[in-house]
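**Student:** Predicted coordinates and the sequence they were generated for:
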Amino acid sequence: MNFTRRETMAVSGAALVASVLPIKLMASTPDLISGITGGAEASDAGINLTAPEIAENGNTVPISIDAPGAVAITVLAAGNPTPGVAKFNFGAGSGSQSCTTRIRLAGTQDVIAVAEMADGSFSAAHQTVKVTIGGCGG
Amino acid sequence: MAKGVKPRVKVPKTAAAGETVTIKTLISHKMETGRRKDGDGNVIPRSIINRFTCAFNGKNVVDVNMEPAISVNPYFQFEATVPEAGEFVFTWYDDDGSVYEKKKSIKIA
């Protein structure tokens, strides 16, 4: 079976795409959430994650999290080279369990917030943010 | 010590007893992720602020563990209750061991 030049190009092109794709696969959102909760079920209620739907610049994406009654909130970015973003621990002097900050996102991905409540239960929220220019250098 | 690090904090000057106040903090820091490469292809070593804490009269308000995914010039906005007059102490911990501190006092109106 002889390949023409055009066929050869098509085959090698497809192979190239196939070899690049697995790198882009992200850590899955449920896996990351259960990694924080230690396998416990996380409810959807009781936590509010506010993030833009589209972020033009992945270097500074403003996010706010609000989880009344939480003792700690962990923020994760599923598609970053390292998913961890920050962990907020609230103390006795906090007025509300909420925080606003700015984060880096490497590309379009899910931003996840997991709150640990005072009674030991967990709540989780996630939102997809579209990023036009990634913010992790390289 | 990283160059040009300057903490800035916005706290109201007065509050009613028991009031919840909003606090904004920003610190100038380059937050090098450790993933970028310079012109010669060498990795620029990681240099970030990895922890931020705020305490009021010795009581913890918020304690944040930070990863390289926090943006340049880390900004935080949060709320604190002010039961009595006192002093907020803000502390940032750098990867290189430096500690940056800022204090703000608040009066009861």
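**Tutor:** Perfect, I can see it now. Numbers count the residues shown, from 1 in each chain, chains lettered A, B, ... in the order given.
**Student:** Which residues of chain A lie near chain B?
**Tutor:** A:59-61, A:64, A:77, A:80-82, A:84-96, A:98-105, A:135-138 (Cβ under 8 Å from any Cβ of the partner chain). Where C-beta positions appear, they are placed from N, C-alpha and C, glycine not excepted.
**Student:** how close does the residue of chain B most remote from its centre get to chain A?
**Tutor:** Distance from the C-alpha centroid of chain B, by Cα atoms, centre = their mean, peaks at B:D40 (33.2 Å). Using Cβ to the nearest Cβ, to the nearest Å, B:D40 is found at 14 Å from chain A.
**Student:** so where's the longest strand in chain A?
**Tutor:** For chain A, the strand with the greatest residue count under DSSP state E is strand A:122-133.
**Student:** quick one: strands adjacent to that strand?
**Tutor:** Using DSSP bridges, strand A:122-133 pairs in its sheet with strand A:42-43 (parallel), strand A:54-57 (parallel), strand A:109-117 (antiparallel).
**Student:** Give the buried residues for that strand.
**Tutor:** Buried residues in strand A:122-133, counted by 16 or more other Cβ atoms under 10 Å in any protein chain shown: A:F122, A:S123, A:A124, A:A125, A:H126, A:V129, A:V131.
**Student:** How about chain B: which residue is closest to chain A?
**Tutor:** B:N60 (2.8 Å; Cβ to the nearest Cβ).
**Student:** Retrieve the pLDDT associated with that residue.
**Tutor:** B:N60 carries a pLDDT value of 94.
**Student:** show me the contacts for it.
**Tutor:** Applying Cβ atoms under 8 Å, 6 or more residues apart in numbering or on different chains to B:N60 gives the contacts A:N89, A:G91, A:A92, A:G93, B:T53, B:C54.
**Student:** thought the fifth one was touching B:F88?
**Tutor:** No: taking Cβ atoms under 8 Å as the definition, B:T53 is not a contact partner of B:F88, at 10.8 Å.
**Student:** Give me the more crowded residue out of the two.
**Tutor:** Neighbours per residue (other Cβ atoms under 10 Å in any protein chain shown) separate B:T53 from B:F88, with B:F88 holding more: 22 against 18.
**Student:** per-residue pLDDT, the residue lying closest to that one once chain neighbours are set aside?
**Tutor:** Distances taken as Cβ to Cβ, 6 or more residues apart in numbering or on different chains put B:K104 closest to B:F88, at 4.8 Å, once the chain neighbours are dropped. For B:K104, the pLDDT comes out at 94.
**Student:** got a list of what B:K104 touches?
**Tutor:** Counting by Cβ under 8 Å, 6+ apart, B:K104 has contacts B:V9, B:V11, B:E87, B:F88, B:F90.
**Student:** Spatially central residue in chain A, please.
**Tutor:** Centre-nearest of chain A using Cα atoms, centre = their mean is A:A77, 2.4 Å out.
**Student:** pLDDT at it, what is it?
**Tutor:** For A:A77, the model assigns a pLDDT of 93.
**Student:** Which of the contacts of B:N60 are buried, as a PyMOL select command?
**Tutor:** A single PyMOL command selects the buried members of the contacts of B:N60 (16+ other Cβ under 10 Å):
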select buried, (chain A and resi 89+91+93) or (chain B and resi 53+54)
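**Student:** from the contacts of B:N60, which two are the most distant?
**Tutor:** Greatest spatial distance in the contacts of B:N60: A:A92 and B:T53, 13.2 Å, computed using Cβ to Cβ.
**Student:** re earlier: make a markdown table out of the contacts of B:N60 and add pLDDT.
**Tutor:** Formatted as a markdown table, those follow (pLDDT from 0 to 100):
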| residue | pLDDT |
| --- | --- |
| A:N89 | 95 |
| A:G91 | 92 |
| A:A92 | 90 |
| A:G93 | 90 |
| B:T53 | 95 |
| B:C54 | 95 |
